[in-house]
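A.B. asks: below is the sequence, then the predicted model.
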Amino acid sequence: QVQLVESGGGLVQAGGSLRLSCVASGPAFNVDPLGWFRQAPGKAREFVGAISRGGGTTYYADSVKGRFAISRDNSKNTMYLQMNSLKPEDTAVYYCARTRRVQSTKVSEYDYWGQGTQVTVSS
């Protein structure tokens, strides 16, 4: 069974940066696409970005394009989310998740999830 654990969240001022990590355990981490989602209070969980199994392809929500970058190191079973130029509207709990589909942006198409890490951006 795949287990995902996020870390790296915290409080940062607007314009600052954070890097989140997602460490996976379980079988075949390096053969599946992975994604990042976020959920703000009172809002639905939304897609942030995702990365292909080998790390060669990434895609992002329009709201974070140009500011966030996803990478993965399969030798360490770890995926990263580098967040730059953070805005107060980026405040949310951030989740990593696993999918078996290519270029999936839908919550329903991800089957394993981490517990989430809180990111708070102050103005």
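C.D. replies: Perfect, I can see it now.
A.B. asks: next, S85: secondary structure please.
C.D. replies: coil (DSSP: H, G, I helix; E, B strand; the rest coil).
A.B. asks: okay, it: pLDDT?
C.D. replies: With respect to pLDDT, S85 scores 98.
A.B. asks: burial count for it?
C.D. replies: 13 (other Cβ atoms under 10 Å). The way it works is simple: take the backbone N, C-alpha and C, and place the C-beta from them, glycine included.
A.B. asks: surely it and G15 touch.
C.D. replies: Yes - under the criterion of Cβ atoms under 8 Å, S85 makes contact with G15 at 6.2 Å.
A.B. asks: where along this protein do the strands fall?
C.D. replies: Along the chain, counting by DSSP state E, strands occupy 3-7, 10-13, 18-25, 34-39, 46-51, 58-60, 68-73, 78-83, 92-99, 110-113, 117-122.
A.B. asks: mind putting the ones you listed into TSV with mean neighbour count?
C.D. replies: Converted to TSV, these look like this (neighbours: other Cβ atoms under 10 Å):
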stretch	mean neighbour count
strand 3-7	17
strand 10-13	13
strand 18-25	19
strand 34-39	23
strand 46-51	21
strand 58-60	16
strand 68-73	18
strand 78-83	21
strand 92-99	22
strand 110-113	17
strand 117-122	17
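A.B. asks: the residue nearest the centre of the chain and K43: what is the separation?
C.D. replies: Relative to the mean C-alpha position of the chain, the nearest C-alpha, by Cα atoms, centre = their mean, is the one of W36, at 2.4 Å. W36 is 16 Å from K43, where distance means Cβ to Cβ, to the nearest Å.
A.B. asks: also L86?
C.D. replies: Distance from L86 to K43, by Cβ to Cβ: 17 Å.
A.B. asks: ok, the two, which is more surrounded?
C.D. replies: L86 (22 against 9).
A.B. asks: for the residue nearest to the more buried one when sequence neighbours are not counted, which residues are in contact?
C.D. replies: Leaving aside its chain neighbours, L86 sits nearest to V121 (4.6 Å; criterion: Cβ to Cβ, 6 or more residues apart in numbering). Going by Cβ atoms under 8 Å, 6 or more residues apart in numbering, V121 touches 11-14, 16, 86-91.
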